[in-house]
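*Asks:* let's see this in three dimensions:
(chains A and B, ligands or ions: 2)
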Amino acid sequence: MTGGWPAFCRDLLEQFPLIFTGLVQTLRLTAIISLTGLLGGIVVLYLTLSRSPIVRRLTQAYISFFIGMPLIVLLFLLYYGLPQWGIRLSPFVVAVVGFTLNVAAYNAAYLTSAYNGLEQTELEAGRAQGFSHRQVFALLTLPQVLRMSVPALTNQVILNLKDSTLAFLIQYTEFFARIQELASTNFQFFKAYALAALVYLLLVSAIVLAARAVEKRVIIPGLLG
Amino acid sequence: MSPVPLIQVRELVKDFDGQRVLAGVNLDIMEGGIKVVMGPSGCGKSTLLRCLNRLVEPTSGTIHLRGQLVTGAGVDVRALRQGIGFVFQQFALYRHLTVLDNVSLALRKLRGMRRLEAEQKAMYELARLDMAAHRDKYPGQISGGQKQRVALARALAMDPAVVVMDEPTSALDPLLTREVAQLIQRLHGEKVTLLCVTHDVLLARSITEQVVFLDRGVVRAEGSIEHLSSAHPDALIRDFFGRESGA
Ligand SMILES: Nc1ncnc2c1ncn2[C@@H]1O[C@H](COP(=O)(O)OP(=O)(O)O)[C@@H](O)[C@H]1O
Ligand SMILES: [Mg+2]
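*Replies:* Numbering: from 1, shown residues only, chains lettered A, B, ... in the order given. Ligands and ions are numbered 1, 2, ... in the order given. Below is the predicted model:
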């Protein structure tokens, strides 16, 4: 257990380019699904506030369905299930689509609960000034809801990073897949996984720091959080 | 021979889930005039105001603005609303925007003004209400009275046909009542058409002698507070106006 350092270091150096590419894949996936998940969440929030009861009903169903469905099941359904219907998607596309559907649902739920904390008369004041439904959303609702949701939304980014390891199970060779390969070449499992843990920890810390900076910038003066 | 009122409300009825809140209100507001509508809590004052800009859809009856029918289908509701400056009871400032942006937002987004032009107009309105120095503050950083002035500036910036105020003193320290009345009178002096609803007799008295009394959804009386408090045949009305008017 304590030995094996020379072999581990040699393999690590040897496989470093691959591990690094894996890390880039992880960051790429995390960044993309964080962005598409946020945009998706905003769209879903907008639909939640639709004046059409049917649209509202469908949006609610969307949110409950994807929050209730384990991500891994969704990913397997898209990656291993769809080919039986003749639809073959690359691991990357499946990961982006699957994660986006899931993350957008979560983000929409956070944004909706922030929306419920808004002062409704402010939105009514917007309507009274003559703003359209869409303008009220874009100018009044969204800026406030996003600000209030920074903690929840950054938590979701952290979850995205951690959950991106699931993509490994649909053949998307990201960081953890490469670590897995490293471990299986020299059987130094503890060292390999400890390294992975350390890297994820550092990445999460970076996200937390970035989130704090964002939060400081978007805080509304005079409002007690 | 008599001039056409700026706003003409006729037989306005509003039912909420079968409950009749407005039961045939008639009301005229003259251009440049000031109208104070009084009545106990829950008598339908806010509902009446909300019907004017169709935040609430009337059940029946008509409203004309400058001779044009604004109730019913086919009316450009957003254009109508831009012409009515609404000051809410709690002022309802946009809390994520500075004072200046609160006032200039609609000028930019609805009137299509460029930022510079919109801000100049906004600053003019803020200066008019002694709020220019607070332009960069957020609503959470100013007092209730100041919020009200910003809300008024926001309404005035759109050059509305009428400024509507819902209970302008209810969210403020009672000590400010006279100040609010002075502010309203000053705007009246500047030819702003005003409609103000309140249950505050002291405020009404400090604004104007002539009031309209709304109760159970209809205009029950109209006249000077003096007369309504002493000589009106209905004891309830005498009581209502007698409460604080002796002070
Ligand atoms: N949106 C609404 N839905 C149902 N009832 C309402 C609504 N708005 C007002 N009401 C009812 O109408 C009555 C008059 O309310 P309101 O116009 O706010 O009175 P006021 O402003 O004079 O206090 C109240 O009984 C109130 O409960
Ligand atoms: Mg009211």
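*Asks:* which residue ranges of the chain form strands?
*Replies:* Looking at chain A here, since you left the chain open. Taking DSSP state E as the test, none of chain A falls into strands.
*Asks:* correction: the question concerned chain B.
*Replies:* Counting by DSSP E, one finds strands in chain B at the ranges B:7-16, B:19-29, B:34-38, B:60-65, B:68-69, B:84-87, B:162-166, B:194-198, B:210-215, B:218-224.
*Asks:* export these as CSV, with columns for mean pLDDT, mean neighbour count and distance to B:Leu176.
*Replies:* The way it works is simple: take the backbone N, C-alpha and C, and place the C-beta from them, glycine included. Below are these laid out as CSV (pLDDT from 0 to 100; neighbours: other CB atoms under 10 Å in any protein chain shown; distance: least, CB to CB, whole Å):
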stretch, mean pLDDT, mean neighbour count, distance to B:Leu176
strand B:7-16, 96, 18, 28
strand B:19-29, 95, 18, 25
strand B:34-38, 95, 23, 17
strand B:60-65, 96, 18, 31
strand B:68-69, 94, 10, 37
strand B:84-87, 97, 26, 15
strand B:162-166, 97, 23, 14
strand B:194-198, 96, 25, 13
strand B:210-215, 92, 22, 20
strand B:218-224, 91, 17, 25
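*Asks:* rebuild these as CSV, extending it with distance to ligand 1.
*Replies:* Below are the strands of chain B laid out as CSV (distance: least, CB to the nearest ligand atom, whole Å):
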stretch, distance to ligand 1
strand B:7-16, 3
strand B:19-29, 4
strand B:34-38, 9
strand B:60-65, 15
strand B:68-69, 23
strand B:84-87, 14
strand B:162-166, 7
strand B:194-198, 7
strand B:210-215, 7
strand B:218-224, 13
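*Asks:* now stretch B:172-182: how far from the chain's centre is it?
*Replies:* Here the centre of stretch B:172-182 is set off from its chain's centre by 16 Å, with CA atoms, centre = their mean, to the nearest Å.
*Asks:* would you mind checking the average pLDDT for that stretch?
*Replies:* For stretch B:172-182, mean pLDDT rounds to 90.
*Asks:* what does that stretch contact?
*Replies:* B:144-145, B:148, B:168-169, B:200, B:202-203, B:206-207 (CB atoms under 8 Å, 6 or more residues apart in numbering or on different chains).
*Asks:* number of nearby residues for A:Arg51?
*Replies:* Other residues within reach of A:Arg51, judged by other CB atoms under 10 Å in any protein chain shown, total 7.
*Asks:* hang on, isn't it packed against A:His133?
*Replies:* Yes: with contact defined as CB atoms under 8 Å, A:Arg51 and A:His133 form a contacting pair (7.0 Å).
*Asks:* low-confidence regions, chain A specifically.
*Replies:* Chain A contains residues with pLDDT under 70 at A:1-2, A:224-225.
*Asks:* tell me which residue in it sits closest to ligand 1.
*Replies:* The minimum distance from chain A to ligand 1, using CB to the nearest ligand atom, falls at A:Glu124 (10.9 Å).
*Asks:* ok, and the closest non-adjacent residue to B:Leu65?
*Replies:* If the residues on either side of it in the chain are set aside, B:Leu65 comes closest to B:Ile7, at 5.6 Å by CB to CB, 6 or more residues apart in numbering or on different chains.
*Asks:* in contact with the one you found, which residues?
*Replies:* Neighbouring residues of B:Ile7 by CB under 8 Å, 6+ apart: B:27-29, B:52, B:63-65, B:161-162, B:195.
*Asks:* A:Phe76 and A:Ala61: what is the separation?
*Replies:* Distance of A:Phe76 to A:Ala61, computed by CB to CB, to the nearest Å: 22 Å.
*Asks:* repeat that for A:Thr26.
*Replies:* Relative to A:Ala61, A:Thr26 is positioned 32 Å away (criterion: CB to CB).
*Asks:* neighbour count for these two, which is higher?
*Replies:* Shown here are A:Thr26 and A:Ala61; by other CB under 10 Å, A:Thr26 has more neighbours (25 against 10).
*Asks:* mind checking how far the most centrally placed residue in chain A is from A:Ala177?
*Replies:* Nearest to the mean C-alpha position of chain A, by CA atoms, centre = their mean, lies A:Asn160 at 3.6 Å. Distance of A:Asn160 to A:Ala177, given as CB to CB: 17 Å.
*Asks:* go on, A:Arg147?
*Replies:* 37 Å.
*Asks:* what residues does chain A put near chain B?
*Replies:* Counting by CB under 8 Å from any CB of the partner chain, the positions of chain A adjacent to chain B are A:119, A:121-122, A:124-132, A:135, A:139-140, A:143-144, A:147, A:220-224.
*Asks:* from the residues you listed, which ones fall inside helices?
*Replies:* Members of those lying in helices (criterion: DSSP state H): A:121-122, A:124-129, A:135, A:143-144, A:147.
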